[in-house]
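> Fold the following and give me the result.
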Amino acid sequence: MQTQTVESPKPRVPLNGVDTPNLFATINAVGNQPELARFQSRDEPLKAYEQTRDELALPQFLATDLIVSCDWDLETVQGLHKTMSEGMAREVLMIRAFAGTSAQRPLSGQLRTPPP
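As a prediction, this is how the structure comes out:
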């Protein structure tokens, strides 16, 4: 009777200067307790904006960390880029809502094309 040895998977090690095991552990901890990622402000007028901004930004921060880790395949990085794009679109809508502007009107300070 022949016995087969089964090798256990190698533990993940830091890759390209990114400590991916700790990064994934942090992502999981924050994912399970999103209140850890929220910045708490003492200024009431900005509290709603800051809370909304932080909630919208977290998926982008996590996606960015995963992208720079270079620990992904093509299908995964495509999904991460989609997460980034969708997150930025939500942030623009949120900023417009807080600024009281519509999607049709440029925000203050945006570049405008000069009239012909």
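> Roughly how far does the closest residue to V68 other than its chain neighbours sit from C70?
Residue nearest to V68 in three dimensions, not counting chain neighbours: V18, with 6.3 Å by C-beta to C-beta, 6 or more residues apart in numbering. The way it works is simple: take the backbone N, C-alpha and C, and place the C-beta from them, glycine included. Distance, V18 to C70, by C-beta to C-beta, to the nearest Å: 8 Å.
> neighbour count winner among the two?
Taking neighbours as other C-beta atoms under 10 Å, V18 and C70 compare with V18 leading, 15 against 12.
> residue boundaries of the helices in the protein?
Ranges of helices within the chain are 20-32, 44-69, 74-99, based on DSSP state H.
> winner for burial among the ones you listed?
Ranked by mean neighbour count under mean count of other C-beta atoms under 10 Å, the helices of the chain are led by helix 44-69, which reaches a mean of 15.
> Just put the helices of the chain in a markdown table and tack on mean pLDDT.
Conversion of those to a markdown table gives the following (pLDDT from 0 to 100):
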| stretch | mean pLDDT |
| --- | --- |
| helix 20-32 | 75 |
| helix 44-69 | 83 |
| helix 74-99 | 86 |
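> Looking at those, spot the one closest to S8.
Smallest distance to S8 across those (C-beta to C-beta): 15.4 Å, for helix 20-32.
> So which elements touch the closest one?
Here helix 20-32 touches helix 44-69, going by 3 or more C-beta pairs under 8 Å, 6 or more residues apart in numbering; DSSP states H and E.
> how long is stretch 67-81 end to end?
With C-alpha to C-alpha, to the nearest Å as the measure, stretch 67-81 spans 8 Å from end to end.
> rewinding a little: I'd like the helices of the chain written out as TSV, with distance to K10 added.
Output for these, formatted as TSV (distance: least, C-beta to C-beta, whole Å):
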stretch	distance to K10
helix 20-32	11
helix 44-69	16
helix 74-99	19
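> Thanks a lot, see you next time.
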